[in-house]
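A.B. asks: Quick one, fold the following:
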Amino acid sequence: MPNANQSFVSKTLLSQQPAPASERGVWHWMRKNLFATPKDVVLTVLAIVFLVWAIPQLVDWLFIKAVWSGTDRTFCATPAQGGTQPEGWSGACWAFVRAKFVVFMFGLFPPDERWRPVLVVILTILTFVPLMIPSVPRKGMTLLLAFIVLPVVSFFLLHGGFGLEVVGTERWGGLMVTLVIAFVAIAVSFPCGIVLALGRRSKMPVVRMLCVIFIEVIRGVPLITVLFMASYMLPLFMPQGWTVDKLLRAVVGVAIFTSAYMAEVFRGGLQAVPKGQFEGADSLGLSYWQKMRLIVLPQAIKLVIPSIVNSYISMFKDTSLVAIVGMFDLLGIVRQNFSDANWATAVTPVTGLIFAGFIFWLFCFGMSRYSGFVERHLDTGHKR
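C.D. replies: All right, here's what the predicted structure looks like:
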């Protein structure tokens with residue numbers, strides 16, 4: 001007979017059992033996330049009451065009572081305002097957005113030449129989509145196309161030359177200007193921010209002092225001040241008879257401002273890299289630039305991806321400030337068209353601002369979601 005103290009170990013694994021009914025399903029999720037504590041219950045009830053009150057009114061104003069087509073203001077006004085809508089009517093005037101949509105996108109770009117910015121958008125999508133997909137090979141060539149070839153081709157397509165009609169930047173506007181400023185600011189501020197961050201950590205006193213002065217001065221003033229300086233003071237330093245394009249001034253101002261903030265973002269990432277990584281790179285005999293390029297910067301950039309995207313989202317929204325120097329981005333040109341007497345109604349401004357806000361949200365939300373994807377893709381530190 002076997003020893004009474006001898007234990008028995010099963011040689012077969014038990015099959016996986018489903019979770020208890022009380023730990024799965026919609027009710028479990030609601031109990032865990034919405035009704036876990038008395039405070040959660042109160043907040044959930046208040047939120048439901050607010051949504052029940054607000055959503056029907058928003059849907060009614062934005063869609064049900066909205067005017068979707070029309071040729072002038074009479075379609076979005078009551079008889080007392082000189083329109084055809086019944087008294088007491090209030091709804092979105094999407095007819096105004098439809099009538100001005102092309103202007104909101106391209107500004108005063110000549111109608112016969114609008115195929116050029118459309119082609120630039122297509123080329124940008126074809127270039128950046130492979131760059132944003134990790135599995136697509138030849139990233140080096142794609143980077144060269146995206147940040148060297150594409151800007152040159154886009155400039156000649158938008159501005160003209162080589163047989164194309166020249167369209168001055170004073171005729172550019174709308175979403176096109178917003179995207180041009182944002183793209184150039186991102187392309188310039190990323191490498192400049194890295195250089196400034198490395199310079200601020202440099203052991204050479206002169207380099208470190210210059211980088212610190214630049215960063216602290218730019219970060220110490222608002223963007224509107226930098227734009228004023230770029231617009232009104234930059235021409236004072238030019239030779240007699242020379243001038244600087246207004247759009248170029250705005251781009252330079254936004255790029256300089258963003259570079260200073262990006263420098264501090266990258267500096268935070270460099271400080272977060274363990275000291276052992278620097279010592280390990282030195283022990284391998286790597287030069288300073290090899291150490292930074294191959295060991296330190298990849299880790300630092302991965303650590304600060306949320307801060308990088310946060311800065312770029314903030315910059316993308318701040319492009320609306322270029323209106324103060326005479327450039328009309330998306331928000332600026334929407335507001336400019338409020339003064340069109342043919343569409344002057346009580347609901348036109350609100351509708352235009354909702355449209356502009358939705359476009360800004362769409363781009364910012366897209367950047368946020370893509371940054372989350374990149375974070376998950378690079379989060380290999382705890383994976384086996």
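
A.B. asks: tell me the domain ranges of the protein?
C.D. replies: If the domains of the chain are taken from automatic domain parsing, they occupy 95-110+171-378, 113-166, with pieces of a single domain joined by a plus sign.

A.B. asks: Format the ones you listed as JSON lines; extra columns: mean pLDDT.
C.D. replies: Shown next, in JSON lines, are the domains of the chain (pLDDT from 0 to 100):
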{"stretch": "domain 95-110+171-378", "mean pLDDT": "93"}
{"stretch": "domain 113-166", "mean pLDDT": "92"}
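
A.B. asks: Deepest-packed of these, please.
C.D. replies: domain 95-110+171-378 (a mean of 17; mean count of other CB atoms under 10 Å). Quick note: C-beta positions are derived from backbone N, CA and C, even for glycine.

A.B. asks: Tell me who's in contact with the residue lying closest to Ala344 once chain neighbours are set aside.
C.D. replies: Distances taken as CB to CB, 6 or more residues apart in numbering place Arg73 nearest to Ala344, at 5.8 Å, with adjacent residues excluded. Neighbouring residues of Arg73 by CB atoms under 8 Å, 6 or more residues apart in numbering: Gly82, Gly83, Ala341, Asn342, Trp343, Ala344, Thr345, Thr348.

A.B. asks: Can you give me the pLDDT of the residue nearest to the second one when sequence neighbours are not counted?
C.D. replies: Right, Gly83. Spatially, and ignoring its direct neighbours in sequence, Gly83 is nearest to Ala77 (2.6 Å; CB to CB, 6+ apart). Note for Ala77: predicted pLDDT of 92.

A.B. asks: ok, the contacts of Arg73 vs Met204, which is closest?
C.D. replies: For Met204, the closest of the contacts of Arg73 turns out to be Thr348, at 57.9 Å, with distances computed as CB to CB.

A.B. asks: Pull the contacting residues for that closest one.
C.D. replies: Contacts were defined as CB under 8 Å, 6+ apart; by that measure Thr348 touches Arg73, Cys76, Cys93, Phe96, Phe338.

A.B. asks: which ones among the contacts of Arg73 are found in helices?
C.D. replies: When those are checked against helices (DSSP state H), the matches are Thr348.

A.B. asks: for the contacts of Arg73, which one is nearest Leu223?
C.D. replies: If you rank these by distance to Leu223 using CB to CB, Thr348 comes first, at 28.7 Å.

A.B. asks: Spit out the contact partners of Arg31.
C.D. replies: Contacts of Arg31 were listed using CB under 8 Å, 6+ apart, and none were found.

A.B. asks: correction: His159
C.D. replies: Applying CB under 8 Å, 6+ apart, we find His159 in contact with Val166, Val167, Gly168, Thr169.

A.B. asks: Going through these, which ones are buried?
C.D. replies: Val167, Thr169 (16 or more other CB atoms under 10 Å).

A.B. asks: Rebuild the contacts of His159 as JSON lines, extending it with secondary structure and distance to Val103.
C.D. replies: Compiled in JSON lines, the contacts of His159 are given as follows (DSSP: H, G, I helix; E, B strand; the rest coil; distance: CB to CB, whole Å):
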{"residue": "Val166", "secondary structure": "coil", "distance to Val103": "21"}
{"residue": "Val167", "secondary structure": "coil", "distance to Val103": "15"}
{"residue": "Gly168", "secondary structure": "coil", "distance to Val103": "17"}
{"residue": "Thr169", "secondary structure": "helix", "distance to Val103": "16"}
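
A.B. asks: so can I have a markdown table of the contacts of His159 showing distance to Leu145?
C.D. replies: Shown next, in a markdown table, are those (distance: CB to CB, whole Å):
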| residue | distance to Leu145 |
| --- | --- |
| Val166 | 25 |
| Val167 | 24 |
| Gly168 | 27 |
| Thr169 | 24 |
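
A.B. asks: Pro18 is nearest to which of the domains of the chain?
C.D. replies: Taking CB to CB as the criterion, Pro18 comes closest to domain 95-110+171-378 out of those, the separation being 27.8 Å.

A.B. asks: Ends of the closest one, what's the gap?
C.D. replies: 45 Å (CA to CA, to the nearest Å).

A.B. asks: what's the spacing between it and its chain's center?
C.D. replies: Relative to its chain's centre, domain 95-110+171-378 lies at 9 Å (CA atoms, centre = their mean, to the nearest Å).

A.B. asks: which stretches of the stretch 101-250 of the chain form helices?
C.D. replies: For the stretch 101-250 of the chain, applying DSSP state H, counting those that start in this stretch gives helices covering 115-132, 139-144, 150-159, 175-200, 205-219, 223-228, 246-272.

A.B. asks: could I get the ones you listed as TSV with distance to Phe360?
C.D. replies: TSV is the format used below for those (distance: least, CB to CB, whole Å):
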stretch	distance to Phe360
helix 115-132	17
helix 139-144	27
helix 150-159	22
helix 175-200	8
helix 205-219	24
helix 223-228	16
helix 246-272	15
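
A.B. asks: nearest to Gly285, of those?
C.D. replies: If you check each of the helices of the stretch 101-250 of the chain against Gly285 by CB to CB, helix 175-200 wins as the nearest, at 20.1 Å.

A.B. asks: next one: phi and psi at Val67?
C.D. replies: In terms of degrees, to the nearest 10, the main-chain angles of Val67 are phi -100, psi 120.

A.B. asks: Wait, Trp343 touches Phe96, no?
C.D. replies: Yes - Trp343 sits in contact with Phe96 when judged by CB atoms under 8 Å, with a separation of 4.9 Å.

A.B. asks: what is in contact with these two at once?
C.D. replies: Counting by CB under 8 Å, 6+ apart, the residues touching both Trp343 and Phe96 are Cys76, Asn337.
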